[in-house]
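Visitor: Based on what follows, work out the 3D shape:
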Amino acid sequence: MPAAPVHYGQEPTVWQKLKMGALMGGGVGLTIGFIFGSYSILRGGAGPRGFLATLSQYMLSSAATFSFFLAIGSVIRNEADFPPHLQAAQMQLLSPLVRSRYEGAMLMRARCEAEKNRRRTDA
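Guide: Residues are numbered from 1 along each chain as shown. Next comes the predicted model:
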């Protein structure tokens, strides 16, 4: 019996990536804001606005900052022309960047000859 064909799911759209990054950043920002805001309030006092208003300001400003940067970062990081499995295949099929000394010398000699011929035809 032949194996069942593998169907890969559709890649998320840019808007879905943006929302996912913003939600993750918001969660991380709220947590970090709670930790640092609580520490700041315990260390220096709540101030004239009170405990809850000061803590919520720390949490919301941290959440907004983290969600903004993680949303942009998730879109930039995941923006690719090919799916990952095709990128891996492309990297395997490309010629190697590391060559032997002989190949490098022959390549340099060929480039030098091409440059000399170009200069002769230009003059």
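
Visitor: wait, isn't A46 in contact with Y58?
Guide: No. Counting by Cβ atoms under 8 Å, A46 sits too far from Y58 to count as a contact (11.1 Å). Where you see a C-beta, it was placed from the backbone N, CA and C, and this is true even at glycine.

Visitor: neighbour-wise, which of the two wins?
Guide: Applying other Cβ atoms under 10 Å to A46 and Y58 shows that Y58 carries more neighbours, namely 21 against 14.

Visitor: What helix or strand is that one located in?
Guide: helix 51-78 (DSSP states H and E).

Visitor: helices or strands next to that helix in the packing?
Guide: helix 14-44 (3 or more Cβ pairs under 8 Å, 6 or more residues apart in numbering; DSSP states H and E).

Visitor: which helices and strands sit right next to the helix it packs on?
Guide: Counting by 3+ Cβ pairs under 8 Å, 6+ apart, helix 14-44 packs on helix 51-78.

Visitor: Between helix 14-44 and the helix it packs on, find me the angle.
Guide: Relative orientation of helix 51-78 and helix 14-44, computed by axes from the mean of the first three to the mean of the last three Cα atoms, to 10 degrees: 140 degrees.

Visitor: buried residues in helix 51-78?
Guide: The neighbour-count check on helix 51-78 (16 or more other Cβ atoms under 10 Å) flags T54, L55, Y58, M59, S62, A63, F66, S67, L70, A71, S74, V75 as buried.

Visitor: low-scoring pLDDT stretches of this protein, where are they?
Guide: Within the chain, the segments meeting pLDDT under 70 span 1-9, 78-84, 95-99, 123.

Visitor: one step back: how far away from the center of its chain is the helix holding Y58?
Guide: Distance, stretch centre to chain centre, for helix 51-78: 18 Å (Cα atoms, centre = their mean, to the nearest Å).

Visitor: With that, I have no additional questions.
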